[in-house]
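Novice: the sequence isn't on hand, but the structure is:
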């Protein structure tokens, strides 16, 4: 189409040029008009008489500037000022800090709340360390996170660490820890791999006194806490069962069992875990556990381990 347009424009230009030439060559000329001679009128000269020369009046002279009286000059000599031993330092302007802060608040039942502030770690994964126990957490969009942990030492030390190496430390004194017996299982994996089941005073699975994380309500005297951010996988997770041994209302016993579910994440593999138990002596017992899991044809089935923890004997107080 562009080539056709060039041809049309060129043809039009050529036609205009030919038309102009035709008009210039064959166009009728205007009739010849005889020239007319202009009439010239000559005016007589005018005589100018009585010429008088004039000039503008002279301007008055400007007044001379007055001389102002001069002020007496005084010579001033600067005094020697002692210099300070140290020069003033510029103060740093307040600015944004990326330091990680961790604070610990002791609660009832020998529990400790940990608050972490990491303004440069929004939506970031961190690991909380306490006396051999490790659990994963996640900060919010402002870099803030919190977690409530059953203490495992009276002089408790907590460390929060991020993947980039940043971290903070907090300490707390937990004087009532000796009133409780605690049983812990921890692992690194999906949330459904392991669970603790506490059977109080002869209770069986599903009976009142069966305390575990999936119970609709806690009908037992002990409590169970599940730690580890659910939205993270894999993650460091832990379940902690606590019994108020020093304030038990009656004699009895507690059997703590460990249950492992066969899942897509662990079927046909070895499931590694660790158990921790803390009694009135204040000594923490640690046991490494390795479970060979059935193959994936057994998905949804459970393995119950009965000899991980010693039974807890309760005396009435």
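Specialist: Yep, it's here. What you see is a predicted model, and the numbers here were worked out from it, not measured in a lab.

Novice: break this protein down into its domains, please.
Specialist: Here the domain parsing of the chain from automatic domain parsing is 97-175, 180-317.

Novice: any idea which of those domains gets closest to residue 82?
Specialist: Residue 82 sits nearest to domain 97-175 of all the domains of the chain, at 38.8 Å, using Cβ to Cβ. The way it works is simple: take the backbone N, C-alpha and C, and place the C-beta from them, glycine included.

Novice: quick one: mean pLDDT over the closest one.
Specialist: In this model, domain 97-175 has a mean pLDDT of 97.

Novice: quick one: end-to-end distance for it.
Specialist: Criterion Cα to Cα, to the nearest Å; first-to-last residue distance in domain 97-175 is 35 Å.

Novice: one more: stretch 107-116?
Specialist: Start-to-end, stretch 107-116 (Cα to Cα) is 17 Å.

Novice: in that stretch, what's buried?
Specialist: Buried positions in stretch 107-116, judged by neighbour count with 16 or more other Cβ atoms under 10 Å: 110-112, 114, 116.

Novice: dump those residues to JSON lines, plus distance to residue 297 and secondary structure.
Specialist: Formatted as JSON lines, the buried residues of stretch 107-116 follow (distance: Cβ to Cβ, whole Å; DSSP: H, G, I helix; E, B strand; the rest coil):
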{"residue": "110", "distance to residue 297": "44", "secondary structure": "helix"}
{"residue": "111", "distance to residue 297": "42", "secondary structure": "strand"}
{"residue": "112", "distance to residue 297": "43", "secondary structure": "strand"}
{"residue": "114", "distance to residue 297": "42", "secondary structure": "strand"}
{"residue": "116", "distance to residue 297": "43", "secondary structure": "strand"}
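
Novice: neighbours around the residue lying closest to residue 312 once chain neighbours are set aside, how many?
Specialist: Nearest-residue entry for residue 312: residue 254, 4.1 Å, with adjacent residues in sequence omitted and distances by Cβ to Cβ, 6 or more residues apart in numbering. Using other Cβ atoms under 10 Å, residue 254 is surrounded by 26 other residues.

Novice: just to be sure, residue 254 is in a strand?
Specialist: Yes. Assessed by DSSP: H, G, I helix; E, B strand; the rest coil, residue 254 belongs to a strand.

Novice: what sits against it?
Specialist: If you count contacts by Cβ atoms under 8 Å, 6 or more residues apart in numbering, residue 254 has them with 181, 198-201, 222, 243, 311-312, 314.

Novice: give me the pLDDT for it.
Specialist: Residue 254 is assigned a predicted lDDT (pLDDT) of 96.

Novice: pLDDT weak spots in the chain?
Specialist: Applying pLDDT under 70 to the chain flags residues 1-81, 83-96, 216-217, 317.

Novice: could you pull out the helices for it?
Specialist: Counting by DSSP state H, one finds helices in the chain at the ranges 2-26.

Novice: do I have it right that residue 242 meets residue 182?
Specialist: Yes. With contact defined as Cβ atoms under 8 Å, residue 242 reaches residue 182; the gap is 5.1 Å.

Novice: between these two, which one's more packed in?
Specialist: Comparing residue 242 with residue 182 by other Cβ under 10 Å, the one with more neighbours is residue 242, at 24 against 21.

Novice: ok, now how distant is the residue nearest to residue 312 from residue 198?
Specialist: Separation of residue 254 from residue 198 (Cβ to Cβ, to the nearest Å): 6 Å.

Novice: what do those two both touch?
Specialist: By Cβ under 8 Å, 6+ apart, the residues touching both residue 254 and residue 198 are 222, 243.

Novice: returning to that earlier point: sitting in strands, which of the contacts of residue 254 do you find?
Specialist: Cross-referencing these against strands under DSSP state E gives 181, 198-200, 243, 312, 314.

Novice: mind listing what's buried along stretch 136-147?
Specialist: For stretch 136-147, a neighbour-count test (16+ other Cβ under 10 Å) marks 136-137, 139, 143, 145, 147 as buried.
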